[in-house]
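Asker: Requesting a structural model of the entry that follows:
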Amino acid sequence: MADDKQLNPDAFAALRERFGQQSRKAQAYYTVMHEVRGVLGSDDAASAWMDQPQAALGGQSAAQAVAAGREEEVLAHVRTLKSR
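Answerer: Residues are numbered from 1 along each chain as shown. A predicted model of the protein is given here:
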């Protein structure tokens, strides 16, 4: 179905920005998940760990910390798990 209305350029730019932010968050989440899976050995274990509060992350889960833009901090914490 054709629509003769054009999307407002400002609305389109805002939509692109939101998409870009969500894409970056998803990429950061999966980067952390990949590292955690390498330490814990399975997707299920990594997924469960991502949702558990972590004292090293101020009581937040890794998923919450990544969503807040703290993926480098989470990755640093994951690397400490490798040495245990």
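
Asker: SS state for residue 39?
Answerer: helix (DSSP: H, G, I helix; E, B strand; the rest coil).

Asker: same question but for residue 6, I mixed them up
Answerer: Once three-state DSSP is applied, residue 6 turns out coil.

Asker: ok, how many other residues are close to it?
Answerer: 7 (other Cβ atoms under 10 Å). (Each C-beta comes from the backbone N, C-alpha and C, glycine too.)

Asker: At the geometric centre of this structure, which residue sits there?
Answerer: Residue closest to the mean C-alpha point of the chain, counted by Cα atoms, centre = their mean, is residue 29 at 2.5 Å.

Asker: In terms of pLDDT, where does that residue sit?
Answerer: On the pLDDT scale, residue 29 is placed at 93.

Asker: same deal with residue 2?
Answerer: Confidence score, pLDDT, at residue 2: 53.

Asker: show me what contacts the nearest residue to residue 59 once chain neighbours are set aside?
Answerer: Distances taken as Cβ to Cβ, 6 or more residues apart in numbering put residue 53 closest to residue 59, at 5.1 Å, once the chain neighbours are dropped. Taking Cβ atoms under 8 Å, 6 or more residues apart in numbering as the contact definition, residue 53 lies against 59-61.

Asker: mind listing which of those are in strands?
Answerer: In strands, judged by DSSP state E, none of these are found.

Asker: Okay, now the unreliable bits of this structure?
Answerer: Applying pLDDT under 70 to the chain flags residues 1-4, 84.

Asker: Tell me which stretches of it form helices.
Answerer: Here the chain has its helices, by DSSP state H, at 9-40, 43-51, 62-67, 71-82.

Asker: The last one - contacts with which helices or strands?
Answerer: Counting contacts by 3 or more Cβ pairs under 8 Å, 6 or more residues apart in numbering; DSSP states H and E, helix 71-82 packs against helix 9-40, helix 62-67.
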